[in-house]
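# I would like the atomic coordinates for the input below:
(chains A and B)
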Amino acid sequence: MKGKENKNLRIRVKMESKEFGDLLDEKSQNSDFHQDHHHKETFITKWIFSQDHKMIAKQYLLTGVLFMGFIGIAMSLLFRLQLAWPEESFAVYDIFLGRWAPEGVMDPNIYLALVTIHGTIMVFFVLTAGLSGTFSNLLIPLQIGARDMASGFLNMLSFWLFFLSSVIMLASLFVEAGPAAAGWTVYPPLSALPQAQPGSGLGMTLWLISMAVFVASSLLGSLNYIVTVINLRTKGMSLFRLPLTIWAFLVTAIIGVISFPVLLSAALLLIMDRSFGTSFFLSDIFVQGEVLHYQGGSPVLFEHLFWFLGHPEVYIVILPALGITSEIIATNSRKPIFGYRAMIASILAIAFLSTIVWAHHMFISGMNPFLGSVFTFTTLLIAIPSAVKAFNYIATLWKGNLQFNPGMLFSIGLVSTFITGGLTGIILGDSTLDINVHDTYFVVAHFHLVMGISALYGLFAGVYHWFPKLFRRMMNKNLGYIHFWITAISAYGVFFPMHFIGMAGLPRRYYTNTAFPYFDDLADINVIITVFALLAGFAQLIFLYNFIYSMFYGEKTVQNPWKSNTLEWTAPIKHMHGNWEGEIPHVHRWAYDYSKPGHKEDFVPQNVPIGENEEITEH
Amino acid sequence: MIGLLTGAVLFLMGIAIWQISKIHQLIQNNMGIKKDNSQVATQEDNDLQGKLMFAFLVFIYVVTIYCFWNYTKVLLPESASEHGVTYDRLMWISFAIILFAQTITQAVLHYFAYKYRGVKNRKAFFLTHDNKLELIWTIIPAIVFFILIIYGMITWSSIMNFDDQDEEALIIELYAQQWNWKARYAGQDNVLGDANVRFLNDFDGRNSVGIDSSDPNGWDDIVVTQEFHIPVNRKIIFKMRSQDVLHSAYMPHFRAQMNCVPGMITEFSFTPTKTTAEMRMNSDIAAKVERINKIRYNNSQKLLAKGEEGLDPYQFDYLLLCAKICGTSHYNMQMKIVVDTEKDYNKWISSQPAFSSIMQ
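Sure, this is the predicted structure:
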């Protein structure tokens, strides 16, 4: 039995490297001897330096999503208070900001720092590491039918590097002069010169170190995901039978490997400029009465390097969320995802185009206007596959039998915000129209809806849907419903009006708008936005409570609570090394045989062989 | 004090958590009555949530209509520059397309969510794909986007590819530093003198934009602060510089923005079409100013009641703002723009001292 399985696996895997084969042998043996294995496991190897993908997924979820997410959202509430009631004294400022809020009034520098760290944490720590880290780790091995990641050790290393980078980032909050405050894009010279801004001292150094470590973590993780998906699929799991989650995670990892190194190089060059006197990004600077020695560098170069990562990064954030949504919408509609191959083609098209649209963030940076035309063209092209995805989701709902589990609500919510936010991209992606809304609140509203809120919805959907797989218990659905509806209402309440203050000409990252009487009539709108933001923040406490409560006291799950087709639900509820007792299930069909005619149940798991007269419907 | 507040906050948070857990318990009890303890959606759940999905569609529409109804008035008034008219037209065409697509897709999405809410023992319609349908909804957006791309590109190149050797145009340098703007006029010869940050400390620091005094072109240059004037209906070519960090010269009423990059000279050009006086007469602006003054009056009363200074009434002026994060006072980096008639402009500019007066 064991021998046969090894042989099968090895045939499937087409191992080129002997090492990998050995690794795999060891993995499949682990599963059969998992009882033995448990003896060797200590507290440290099981809970801390675990190499098990399920444990690592939980570690990412707790640190990346719950902990960092809590901090990131709390920061946004702090600066939203300042925006609604500028320069008023708040007790919370006294508590959390201390000397940065003299007499309880927020200091302008710490305002910028909060905006910066909020962006950094949400984009990188929560929505990149938290989202991919949790679900790629949990689902890749389980959904492709593998014992674990290709390299458990690198996977563990990836998490702990992420942890280290989180610690460094949080440590920067306690630096004397304050954390980085040049915006999450850290454009030099502002980020390069401590004379230009207090946050550009030690705080910025720590930011850069943290990001360098983060990139290393991300690369290790991504390489592992790619290798695992390509090599460790179980028998029968051809690429066109992969669930869309896996497609999304695979392509996300590939974009990450292509673009993150460029961020690393930008960060390194910035470190050189800051600490070793080079002039990559700096030229002709006069600050605090002194001409600096820098000559010949260009900040525009940094913008190119940053956005070469920065734009694919948006898709690194949103693609996994879309993958998760595809899976959850199909399962809960009890229908195949509509246009499976078109969905894959869209993911690939988005991924390809995402690497050649970066300069649409730089239309008015001073680069050659001809480039603006080129990037307008590629940018609006990317709207086509995005539109196809949205239409396909809607078509999946059509004539379905929708099961409104909390995960489903968040998935539909994602489609809604993805459309609303995506449509305004038509304006920002058009170089002409960008001129007057660039760096205004219009941009803030656009990207929060299309990547922030949408990706968060994907994340929540995933947590509700796979919570039973992670913690063997169910989350409370009613609290889930309350969480969704408050969040959905407040998300539109925050970001819909925000488009208008952007089109009124209000630039972003202003500590207060009172310096311009022209903006006085926007004050009311800012209060409304803040009230909705506070409401949204409150809703996340419900989620937090539900999460922690259910982790310990939630209803115990059955093996396949959502009646889903994918392989993770064929694995036993109890976690074990190697995921399946005995043989790994073989795959005989695609993941979307829901409500297939000729079957009694409305789902047919992937490991069920094709019946004698059954039509093969995979598309 | 801090200890007390921390205590209070923790106490309140405790109450909040206690309340949530109470709600939770109540819900649990209710579930008990229904004899259903499952955390998987039941038919009742599907029914309620499906209906809520439809209600949410109504909510989205209400929010949209409310925002357009109430907030259209805060938007920028009609453009005060020549290219801005084309800009605005493209903007409203795009908006029409967006609103159309938004209304339809949200309706279909939420209506389907409502219509096909789960019913026990019903089987969904098995449908994997439909090539014809998919082709249609790939091609239609593609066509729409291509039209927008072409329109956008033509407009973009007509705005950005201006003739910067145009003799008729007025050349003005916008000079950015933390945290103020200066404007430099090219003077009689309409040629800006060379400049560099190295010259900033010349003449005891009075060479405020770093003009190279060895370049005769610069001797007649005029540097102004606080406000700068431009003549109506004449093409202006702006040359942007920054001495320290990135800034962005944003003139929203003219639909104009360009980053100011240290070590580089960036350019933007527009032709103003409405003088400040004309714009103040604009009905949108007049209404806006009235609203703002009402707000300011109320705020003033509150301040006066507290024994503080009141606020001055507001009068409309064109603005130059900084739109690129640039440090502590990013939020207050402004300069007033005055669009004059040709005559008034000439009068104003002739009263400004040239660089040569500083050199002496």
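
# quick one: low-confidence parts of the chain?
Picked chain A for this. The model of chain A has pLDDT under 70 over residues A:1-40, A:619.

# wrong one, chain B
In chain B, residues with pLDDT under 70: B:1-22, B:24-37.

# Residue of it closest to chain A, please.
Nearest residue of chain B to chain A, counting by CB to the nearest CB: residue B:263, 2.9 Å away. In short, each C-beta sits where N, CA and C put it, glycine included.

# any idea how far residue B:132 is from that residue?
Separation of residue B:263 from residue B:132 (CB to CB, to the nearest Å): 56 Å.

# the more surrounded of these two?
Between residue B:263 and residue B:132, counted using other CB atoms under 10 Å in any protein chain shown, the more crowded position is residue B:263 (23 against 7).

# Can you give me every residue that contacts residue B:256?
Applying CB atoms under 8 Å, 6 or more residues apart in numbering or on different chains, one finds that residue B:256 lies in contact with A:435-436, B:81, B:84, B:238, B:249-250, B:268, B:270.

# Okay, and the beta partners of it?
Following DSSP bridges, residue B:256 is listed with bridge partners residue B:251.

# So residue A:81 is in contact with residue A:530, correct?
Yes: with contacts counted by CB atoms under 8 Å, residue A:81 reaches residue A:530, the gap being 6.4 Å.

# circling back to that earlier point, which ones are touching the residue lying closest to the residue of chain B closest to chain A once chain neighbours are set aside?
Counting by CB to CB, 6 or more residues apart in numbering or on different chains, residue A:283 is the residue found nearest to residue B:263 once chain neighbours are left out, at 2.9 Å. Residue A:283 sits next to A:294-298, B:262-264 when contact means CB under 8 Å, 6+ apart.

# Contacts (any at all) between chain B and the longest helix seen in chain A?
If you go by DSSP state H, chain A has its longest helix at helix A:299-333. Yes: under the criterion of CB under 8 Å from any CB of the partner chain, chain B is reached by helix A:299-333 at A:299-300, A:333.

# Where does the residue nearest to residue B:263 sit: helix, strand or coil?
Put simply, residue A:283 is coil when judged by DSSP: H, G, I helix; E, B strand; the rest coil.

# Show the end-to-end separation of stretch B:157-170, please.
One end of stretch B:157-170 to the other measures 21 Å (CA to CA, to the nearest Å).

# Could you export the helix or strand residue A:55 falls within as CSV, CA atoms only?
Using DSSP states H and E, residue A:55 sits in helix A:53-60. Only the C-alpha atoms of helix A:53-60 are listed here, as CSV (Å, rounded to 0.1, in the frame of the first residue of the first chain):
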residue,chain,number,x,y,z
HIS,A,53,1.6,24.0,6.8
LYS,A,54,-1.6,24.0,8.8
MET,A,55,0.1,25.3,11.9
ILE,A,56,2.0,27.9,9.8
ALA,A,57,-1.3,29.0,8.3
LYS,A,58,-2.7,29.5,11.8
GLN,A,59,0.4,31.4,12.8
TYR,A,60,0.0,33.7,9.8
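
# Just checking the distance from whichever helix or strand comes after it to the centre of its chain.
Downstream of helix A:53-60, the first helix or strand assigned by DSSP H and E is helix A:68-84. Averaging C-alpha positions (CA atoms, centre = their mean, to the nearest Å) puts helix A:68-84 19 Å from its chain's average.

# just checking, residue A:476 touches residue A:548?
No: using CB under 8 Å, residue A:476 is not in contact with residue A:548, being 11.4 Å away.

# by contact count, what packs against the helix holding residue A:55?
helix A:131-144, helix A:152-171, helix A:454-471 (3 or more CB pairs under 8 Å, 6 or more residues apart in numbering or on different chains; DSSP states H and E).

# Quick check: buried residues in the longest one?
Yep, that's helix A:152-171 we're talking about. Of the residues in helix A:152-171, A:152, A:154-166, A:168-170 count as buried by neighbour count, 16 or more other CB atoms under 10 Å in any protein chain shown.

# swap in the first one?
Neighbour-count burial for helix A:131-144, counted by 16+ other CB under 10 Å, picks out A:131-144.

# Show me what that helix is packed against.
Counting by 3+ CB pairs under 8 Å, 6+ apart, helix A:131-144 packs on helix A:53-60, helix A:152-171, helix A:202-231, helix A:244-276, helix A:299-333, helix A:454-471.

# okay, the ones you listed in TSV with distance to residue A:44 next?
Formatted as TSV, those follow (distance: least, CB to CB, whole Å):
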stretch	distance to residue A:44
helix A:53-60	12
helix A:152-171	11
helix A:202-231	20
helix A:244-276	28
helix A:299-333	30
helix A:454-471	21
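
# Residue A:342 and residue A:393 touch, don't they?
No: contact between residue A:342 and residue A:393 fails when scored by CB under 8 Å: they sit 11.5 Å apart.

# ok, these two, which is more surrounded?
Remark: of residue A:342 and residue A:393, residue A:393 carries more neighbours, 29 against 24, as counted by other CB under 10 Å.

# Secondary structure element holding that one?
Secondary structure from DSSP H and E places residue A:393 in helix A:369-397.

# and the angle for that helix with helix A:299-333?
Angle between the axes of helix A:369-397 and helix A:299-333 is 10 degrees (criterion: axes from the mean of the first three to the mean of the last three CA atoms, to 10 degrees).
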